[in-house]
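> I would like to see how this sequence folds:
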Amino acid sequence: MTETKPRDVQVFPIGAETTVLRSRTWDRLKFEIEYALQRGTTANSYVIQGDKKALFDPPGESFTEMFLKALQQRFDVKKIEYVILGHVNPNRTVTLKQLLELAPQITFVCSNPGAIALRSLLPDQELKITVVRGEETLDLGKGHQIKFIPTPSPRWPDQLCTYDPQTEILFTDKFFGAHICGDQVFDEGWTAFSEDRRYYFDCLMAPHARQVETALDKLADLSVKFYATGHGPLVRYSLTELTHSYRQWSEKQQAQDMTVALIYASAYGNTATLAQAIARGIIKAGVGVETINSEFAEPSEIQAAVEKSAGFIIGSPTLGGHAPTPIQTALGIVLSTATKTKLAGVFGSFGWSGEAIDLLEGKLKDAGYQFGFEPIRVKFKPTDVTLKLCEEAGTDFAQTLKKAKKAAVPRQRVSDSQVDRTEQAVGRIVGSLCVLTAKRGEVTSAMLASWVTQATFNPPGLTVSVAKDRAVESLTHTGDKFVLNILREGKELRKHFLKPFGPGEDRFAGVATQEAGNGCYILNDALAYLECSVQNRMECGDHWVVYATVENGKVLHPEGLTAVHHRKSGSHY
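Numbers count the residues shown, from 1 in each chain. Predicted structure coming up:
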């Protein structure tokens, strides 16, 4: 992230009596996996000025002061009658408190889970709350008879979309967003946002694809001009395409032939963030995830998810030295439901102690379950490094399940002559043997790569194919930097990077390196290196083909020969 623009609030009319206030930052707000691309974000709030005025989704405390200043400059805050909350986030507490000081007459409109959360966040306030339990309407006057549509999910059980038939605007809260900051309000040239939207979906929506599909069904019959999203550009020009993509991505996630039940509770959002990162890693490896928030799930839902899963993972905060009651209930269901052949995992966050994690680990070990990764214990708020560890743990968990399934299928040994002729032919494609090293912030990674080729003369550029489940994949998005270390024949460096690495393990331990101009690592024993910048990438089956331009490079050992990788089959490396 090279931009250093200050935070601000962009105010723009988007329809009759309807205005968006886009609280913008070009920096990353906090450590959550969906922000990992570090392209900034917007927190979009909206005002409808009918006979009665309504404010939608005031932003979090990062924007409180500037947002309220912009709101007061443009509107008579004392005349705002309703604050509509698509979901209740603890991060909004400061803004809501100050808003109530300016306009104590406000009535909050939210779902029942949202009302419960709101009262817990503002216990000292006398709150006026209208609870939406079904698809109620609210008449704001001037034709704005807005309709509420509950769209709950495990991560946001209180989520609420709102539709205004007068302007045909659908206020979508978390749906259809992207964490990207810019000057344009709508999504002109929307293909430039495609990568960010897909990443946002994979991080936030894919773990509860079933609920996403249910929400899409609820919204399908509405006549919509554009989506007023909670984050990023408003969706007008790509409305049909993005809606179709959400449907397609959700169906693909649910169609996976193997799933993991990911069960958690979260007191302050930290455990939910860890769950999100683990789910992201599982999804990368091509395994489905059924995310379950035990605080809101029925026992029958937990039981059904565990029964159909190939493995389960449980996460818990520690409250008063104990696991919360919903997690203890979920653990009991798991122990009575899951066969001992199912792979298990445990994670959690805590403030001063981690008894809940110890409880989960001990009970599952005593019951005879095998673990797919070492229990993850995170004190206070997770960091980028912690989230990367969680993602890698999720990927390892999924890969273990896939290997076990493959091993259970009897295999018949075949000679080279019996291998499919096409696979033999594809395997004769030879590539330079390289090590791709990448770094973003405090997170580093590396992989051995042989599917590399020069792609352009001017500018000098190359492509490298990166498997979706590789740890380094999340560091090879557009705008990221990496170093391509070209190996030389006769050296043992490749052996180091051929070995399997555990989640969060340092790929460079014991390897002589130096820092390149772009911050990534040069391997001192490499034949040559190229400093690269990712320009774009294309999804191709089980890999991403990454195109990068070369910004700098050097031959370190002129006398050496380039190492190449010879294969007998095109079906594996």
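
> Give me the pLDDT value at the nearest residue to residue 493 once chain neighbours are set aside.
Using CB to CB, 6 or more residues apart in numbering and skipping the chain neighbours, the partner closest in space to residue 493 is residue 525 (5.1 Å). Any C-beta I mention is one placed from the backbone N, CA and C, and that applies to glycine too. If you check residue 525, the pLDDT there is 94.

> Which residues are in contact with residue 525?
488, 491, 493, 512 (CB atoms under 8 Å, 6 or more residues apart in numbering).

> Where is pLDDT lowest across these?
residue 491 (71).

> which residues of the stretch 101-250 of the chain score low on pLDDT?
In the prediction, the stretch 101-250 of the chain carries no residues with pLDDT under 70.

> Run through the helices of it in chain order.
112-121, 194-204, 209-219, 239-254 (DSSP state H, counting those that start in this stretch).

> and among those helices, the most buried is which?
helix 194-204 (a mean of 21; mean count of other CB atoms under 10 Å).

> got the angle between it and helix 209-219?
For helix 194-204 against helix 209-219, the angle by axes from the mean of the first three to the mean of the last three CA atoms, to 10 degrees is 110 degrees.

> who's in contact with helix 194-204?
33-34, 36-37, 39, 155, 174, 176-180, 231-232, 242, 245-246, 249, 276, 280, 283, 477-478, 536-537.

> Now a PyMOL select for only the buried ones of the residues you listed.
Buried members of the contacts of helix 194-204, defined by 16 or more other CB atoms under 10 Å, are picked up in PyMOL with:
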select buried, resi 33+34+36+37+39+155+174+176+177+178+179+180+231+232+242+245+246+249+276+280+283+477+478+537
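
> Restricted to strands, list the contacts of helix 194-204.
Using DSSP state E, the subset of the contacts of helix 194-204 located in strands is 536-537.

> okay, now residue 300: neighbour count?
9 (other CB atoms under 10 Å).

> among the helices of the stretch 101-250 of the chain, which is nearest residue 305?
Residue 305 lies closest, by CB to CB, to one member of the helices of the stretch 101-250 of the chain: helix 209-219, at 10.0 Å.

> Could you measure from the residue nearest the centre of the chain over to residue 547?
The centroid of the chain falls nearest to residue 203 when counting by CA atoms, centre = their mean (2.0 Å). Noted for residue 203: a distance of 23 Å to residue 547, by CB to CB, to the nearest Å.

> Ok, residue 178 next?
Taking CB to CB as the measure, residue 178 falls 21 Å from residue 547.

> do the same with residue 87
From residue 87 over to residue 547 (counting by CB to CB), the distance is 37 Å.

> So which of those two has more stuff around it?
residue 87 (23 against 17).

> Could you check the angle the longest helix seen in the chain makes with helix 194-204?
When the chain is parsed with DSSP state H, its longest helix is helix 384-408. For helix 384-408 against helix 194-204, the angle by the same axes, to 10 degrees is 80 degrees.

> And helix 384-408, what does it pack against?
Counting contacts by 3 or more CB pairs under 8 Å, 6 or more residues apart in numbering; DSSP states H and E, helix 384-408 is packed against strand 259-264, helix 270-284, strand 311-317, strand 343-350, strand 376-379, strand 443-449.

> Let me have these in CSV, extended by mean pLDDT and distance to residue 558.
Shown next, in CSV, are the helices and strands packed on helix 384-408 (pLDDT from 0 to 100; distance: least, CB to CB, whole Å):
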stretch, mean pLDDT, distance to residue 558
strand 259-264, 97, 50
helix 270-284, 95, 39
strand 311-317, 97, 50
strand 343-350, 96, 49
strand 376-379, 95, 46
strand 443-449, 96, 23
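
> Between those, which one is closest to residue 209.
helix 270-284 (9.5 Å).

> Output the closest one as PDB, nothing but the C-alphas.
Only the C-alpha atoms of helix 270-284 are listed here, as PDB (Å, rounded to 0.1, in the frame of the first residue of the first chain):
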ATOM      1  CA  ASN A 270     -11.500 -12.500  17.800                       C
ATOM      2  CA  THR A 271     -12.500 -16.100  17.700                       C
ATOM      3  CA  ALA A 272     -14.800 -15.400  14.700                       C
ATOM      4  CA  THR A 273     -11.800 -13.800  12.900                       C
ATOM      5  CA  LEU A 274      -9.700 -16.900  13.500                       C
ATOM      6  CA  ALA A 275     -12.600 -19.100  12.200                       C
ATOM      7  CA  GLN A 276     -12.800 -17.000   9.100                       C
ATOM      8  CA  ALA A 277      -9.100 -17.500   8.400                       C
ATOM      9  CA  ILE A 278      -9.200 -21.200   9.000                       C
ATOM     10  CA  ALA A 279     -12.200 -21.500   6.700                       C
ATOM     11  CA  ARG A 280     -10.400 -19.600   4.000                       C
ATOM     12  CA  GLY A 281      -7.500 -22.100   4.100                       C
ATOM     13  CA  ILE A 282      -9.900 -25.000   3.900                       C
ATOM     14  CA  ILE A 283     -11.700 -23.500   0.900                       C
ATOM     15  CA  LYS A 284      -8.400 -22.900  -0.900                       C
END
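
> centre of the chain versus that helix, how much separation?
8 Å (CA atoms, centre = their mean, to the nearest Å).

> cool, and stretch 243-263?
14 Å.

> quick one: low-confidence ranges for the stretch 251-400 of the chain?
In the stretch 251-400 of the chain (pLDDT under 70), no residue qualifies.

> Quickly list the domain ranges of this protein.
Domain assignment of the chain by automatic domain parsing yields the ranges 8-252, 256-406, 420-565.

> Cool, thanks, talk later.
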